[in-house]
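# model the following, please.
(2 chains)
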Amino acid sequence: MTSIQRTFTYITRKKGKTISLFLIIFIVAVFLISCFGVLNASQKLSKDIRTSIGAAFYIRANTEMSVNANGETEIKENKIHITKKEIDAIMNTNEIKYCNPINYGFAKSDTIQFVKGDKHNDDNNMGKVTALRFSALATDFLDETAILIQGKHINESDNAKILISEKLASTNNISVGDSITLTHASLGEADGEYIDEIPIKTAYIQVEVSGIYKLNIKDTPMKPTAGISENEIYASLDILDKLGESEIGIYTGEIDFYIADPAQLNNITQNVQLLQSIDWSTHFIRTNDFQYSKIAEQLFSLGNLVKILLILVSTVSAAVLTLLLTMQMRSRMQEAGILLSIGISKSQIITEFLLQILSVSIIALIFSYIVSFGITNLLAHNLFSGLQPKILNDETLISGFISDFQIENYLKLSGLKILLIYFCQLIVIMSSALVSSIIIMRLRPKEILSKIS
Amino acid sequence: MSILKICNVNYSYDGSKKTLKNICAEFDKGKIYAILGPSGCGKTTLLSLLGGLDEPSDGQVLFQGEDISRKGLAWHRKNNVAFIFQSYNLIDYMTPAENVALTSKLTPLPILERLGLTKEEARRNVLKLSGGQQQRVAIARALASDASVILADEPTGNLDEDTADEITKILKECAHQMNKCVIIVTHSNDLAKQADVIFRLKKNELFVAS
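The predicted model follows:
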C-alpha cells in the first residue's frame, strides 16, 4: 500500500477528523480572502477617491441686495468677469485637474418645440443654454439630477455640440447625431408676458446633438418655458460665443475648478485669492469637498480595522490549528507506532501525515475561493453601499460618472495576490503540522509502542 | 548460522540502572522460542532490541551475522522482522485486507482465508472483528511481510482460552511449516510450554530454561 493510497484511505475513512480540519482551514481561508478583498477595496477606493473629484472650488460673482423706492428687496445677480488669461494663471500655479468655465444664455430654434411653461407662446419658445467646457462636471450631472442616457458628454475639444433632455428629444423626434439650427434669444418680461428681447435674429449656428440626458427631478410649476429644466441645453462654449451672447475667452457665468486632493483645497483657494487681476470685492470663492475627505478617512479607518482583525484572526487560527493538529497527531500515535513496526521510517510517516493535511488544505482552499467571492460581495455591498466615487479622468468626462462604480471591480484580488495568500496560509498550516508532529518526532519507536500498548 | 543473534547486549533507559545485562542468545529458523519472565523484567525491551525498535546501550544484534544497525533499523524492521502485539495494533480505519496490504504487495485475501477469515470479514472494518479475528489479521500482516523472524509480544494475552489455543497453533505452524523463527515474549507458562526453546529473563539476565 503506497503513501498516496494510505492518504486517500485516511481522508475518506476518518471523516470526522477530515471534516473538522477542512472546516477550520476553510473558515479561516474564507475569512482571510474576504478580509483581504475588503482591505483591497477600501485601499483602492480610498486611493481612487483621493484621485477623483476630491474637491472643487467655484469662483462666482457677489449678489447685491437693495431696497427700492417701494420698500421691496431687490436682488441683483452680478456677472463674473474672468478671462482665459486669469484662468491660465490659476491653472499654472496650483494642482488643479480640470477647469470648467460656464456661460449662460438662451437659444431658440425654428425646428424645436420646447416643453411648455407658464404663459407659453411662440415668442418665448426658448430654452436656457448652459455653455461649458465639460458637461459631465455640471452640478446636475455630478449630483445625478441629470444622467446621460445616450451619446457622449461635451468636453473641451468639442465645438457646436449640445446635450438635450430626453423629453425634448422625444417631443421633437431628435436623436443623437442630428443637427439643429439655433439662434440667439433673451428672456424678458413685458405687460405680464414673457418675451424674447431679441426680436431680430442675426446669429445662427448649426449644432449637433452629442447626447441625451434624463432628469431625475420633477420641475416646479409656474416657470417660463425657458426656466423648465427639460428645456435646458448644455452646449459647448463656442455656441454662445457664435450667437453673440458671450465673448471668446471671457467667462461671465461661473468658473469651477476641480482638484484631486481635498487636503490641498484651503491652500489652493488661498493662493488663488492672492491673484491681483481678479476683483475680489465683486467675486467670491465657494469650496466643496464632496465629503470625500470624510469618506476617505472612514475608509482608512476601515482598512486599519481590517488589518488588526487579520492579524488577530491569523494568530488565533494558527494557534487553534496547531492545537487541533497536535490533538490529531497525538491520536495517531498508535498508527505511527504500527507503521514504524512495519519498517516505515519516522520521516516517511510524518511526510505521509503532512501529505494528508496538505490534501485536505488544498480542497478547503479551493472551496474557500468559491465561497469567499459571495461573502466578500455581501460584506462589501453592506460596507460600501452608499459610496459612489466619481472617478475623474478623461474617460469619465466623456461617458459620465454613473456606470463607473462597480464594487466588484474593487473587490477583485489579483490572481497573484490570491496565490500569495494561499501560499502563506499553506506555509502556516504546514508549519503548524510540523510543530504538532514534534510529539512523534521526539519519541523513539519503542516509546511510541509502549505508549500504545 | 543462526538467523538472529544477540551478543553481550546491555540496555538501560537512563544510563544508570541496567534493564538488560550481558544478554546473549541465538535464534534459528523453523523454531518457536518463548521468553518468559515476570512483568517489568525487560521482556518487551528485549523484543524491541531484536526487532530494531530500539538500540542497545552496548552489544550487538546480528541478523544473519550482520549488525542490524548497518543497514538501518527501519530497513531491518521492514525486511527481516514482523511484529505481533498483545493489543493487535491494527490500523483502525482500515479493513483486514488493507492492514495486510501494508506489508505486502501480494493480494491479501488468500493469506487471510488461510488464517480463517471469510472474504466478507476481510472487507469489514477491523474494529468490527472479534479479538481472535483481529489477532489473526495481525498474524496475517506479519506473514505477508515475508520476514524470516516473527516477534510476538504476549500474542494471546487478550484472548480467551480457546482462541489463545488457536493462535498458538497458528504460530507453531508458522515456525514448523513455514520455516519462520518465531520469538514469543510471554509470562504465560502454558504458552511457553508450546515453544521449542524457552528462555527465562531473571534479574535482567537471560537464561535458557529448557
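# strands of chain B, start to end?
Assigned strands in chain B, in chain order: B:4-12, B:18-27, B:32-36, B:58-63, B:66-67, B:81-84, B:149-153, B:181-186, B:197-202, B:205-208 (criterion: DSSP state E).
# what is the orientation angle of the longest one with strand B:181-186?
Counting by axes from the mean of the first three to the mean of the last three C-alpha atoms, to 10 degrees, strand B:18-27 lies at 150 degrees to strand B:181-186.
# same check on the first one?
When the same axes, to 10 degrees is applied, the directions of strand B:4-12 and strand B:181-186 differ by 30 degrees.
# CA-only coordinates of strand B:4-12, as PDB, when you get a sec.
The C-alpha trace of strand B:4-12 is given here as PDB (Å, rounded to 0.1, in the frame of the first residue of the first chain):
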ATOM      1  CA  LEU B   4      19.200 -13.800  14.700                       C
ATOM      2  CA  LYS B   5      21.800 -13.400  17.300                       C
ATOM      3  CA  ILE B   6      22.100 -11.100  20.300                       C
ATOM      4  CA  CYS B   7      25.600 -10.600  21.800                       C
ATOM      5  CA  ASN B   8      26.500  -9.100  25.100                       C
ATOM      6  CA  VAL B   9      23.700  -6.700  25.000                       C
ATOM      7  CA  ASN B  10      23.200  -4.200  27.800                       C
ATOM      8  CA  TYR B  11      20.300  -1.700  28.000                       C
ATOM      9  CA  SER B  12      19.400   1.000  30.300                       C
END
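# let me see the mean pLDDT of it.
For strand B:4-12, mean pLDDT is 90.
# export the strands of chain B as TSV, with columns for distance to A:Q270 and mean neighbour count.
Every C-beta, even on glycine, is put in place using the N, C-alpha and C of the backbone. As requested, the strands of chain B are exported to TSV (distance: least, C-beta to C-beta, whole Å; neighbours: other C-beta atoms under 10 Å in any protein chain shown):
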stretch	distance to A:Q270	mean neighbour count
strand B:4-12	89	19
strand B:18-27	91	18
strand B:32-36	100	25
strand B:58-63	92	18
strand B:66-67	92	13
strand B:81-84	89	27
strand B:149-153	92	26
strand B:181-186	96	26
strand B:197-202	99	19
strand B:205-208	101	15
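# give the contact list for the closest residue to A:V67 other than its chain neighbours.
Leaving out its chain neighbours, the residue that sits closest to A:V67 by C-beta to C-beta, 6 or more residues apart in numbering or on different chains is A:T73, at 5.8 Å. For A:T73, the contact set (C-beta atoms under 8 Å, 6 or more residues apart in numbering or on different chains) comprises A:M65, A:S66, A:V67.
# again, but for B:K18
Contacts of B:K18 by C-beta under 8 Å, 6+ apart are B:N10, B:Y11, B:S12, B:S57, B:N204.
# and A:G188, by the same measure?
A:G188 sits next to A:Y194, A:I195, A:D196, A:E197 when contact means C-beta under 8 Å, 6+ apart.
# just the closest of these to A:M91, please.
A:E197 (35.1 Å; C-beta to C-beta).
# closest residue of chain B to chain A?
Closest contact between chain B and chain A, by C-beta to the nearest C-beta, is at B:K78 (2.3 Å).
# which helix or strand contains A:L397?
helix A:394-399 (DSSP states H and E).
# can I get stretch A:121-139 in PDB? Just the C-alpha atoms.
C-alpha atoms of stretch A:121-139 as PDB (Å, rounded to 0.1, in the frame of the first residue of the first chain):
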ATOM      1  CA  ASN A 121     -46.300  81.400 -26.600                       C
ATOM      2  CA  ASP A 122     -44.300  81.300 -29.800                       C
ATOM      3  CA  ASP A 123     -42.200  84.300 -28.800                       C
ATOM      4  CA  ASN A 124     -41.000  82.800 -25.500                       C
ATOM      5  CA  ASN A 125     -40.500  79.300 -27.000                       C
ATOM      6  CA  MET A 126     -36.800  79.100 -25.900                       C
ATOM      7  CA  GLY A 127     -34.500  77.200 -23.700                       C
ATOM      8  CA  LYS A 128     -31.800  78.100 -21.300                       C
ATOM      9  CA  VAL A 129     -28.300  77.400 -22.600                       C
ATOM     10  CA  THR A 130     -25.500  76.400 -20.200                       C
ATOM     11  CA  ALA A 131     -22.300  76.600 -22.200                       C
ATOM     12  CA  LEU A 132     -19.400  74.800 -20.600                       C
ATOM     13  CA  ARG A 133     -16.100  73.100 -21.300                       C
ATOM     14  CA  PHE A 134     -17.100  69.700 -19.600                       C
ATOM     15  CA  SER A 135     -20.800  69.000 -19.300                       C
ATOM     16  CA  ALA A 136     -20.100  65.900 -17.100                       C
ATOM     17  CA  LEU A 137     -18.900  68.400 -14.400                       C
ATOM     18  CA  ALA A 138     -22.100  70.400 -14.400                       C
ATOM     19  CA  THR A 139     -23.700  70.300 -11.000                       C
END
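# buried ones in it?
By 16 or more other C-beta atoms under 10 Å in any protein chain shown, the buried positions in stretch A:121-139 come out as A:123-138.
# closest one of these to A:I342?
Nearest member of those to A:I342, counting by C-beta to C-beta, is A:A136, at 76.2 Å.
# for the closest one, give its distance to A:E254.
16 Å (C-beta to C-beta, to the nearest Å).
# next one: A:M333
From A:M333 to A:E254 the distance is 81 Å (C-beta to C-beta).
# which one of those two has more residues nearby?
Shown here are A:M333 and A:E254; by other C-beta atoms under 10 Å in any protein chain shown, A:E254 has more neighbours (21 against 17).
# in contact with that one, which residues?
A:E254 is in contact with A:Y58, A:I59, A:R60, A:A61, A:I80, A:P101, A:I102, counting by C-beta under 8 Å, 6+ apart.
# can you count the residues close to the third one?
A total of 18 residues lie near A:R60 under the criterion other C-beta under 10 Å.
# please report phi then psi for the closest residue to it other than its chain neighbours.
Using C-beta to C-beta, 6+ apart and skipping the chain neighbours, the partner closest in space to A:R60 is A:E254 (4.9 Å). Dihedral angles of A:E254 (phi, psi; degrees, to the nearest 10) stand at phi -160, psi 160.
# A:E254 pairs with what?
The residues listed as beta-bridge partners of A:E254 by DSSP bridges are A:I102.
# is the closest residue to chain B within chain A in a helix, a strand, or coil?
Relative to chain B, the nearest point of chain A is A:G343 (2.3 Å; C-beta to the nearest C-beta). Here A:G343 takes the coil state, with states given by DSSP: H, G, I helix; E, B strand; the rest coil.
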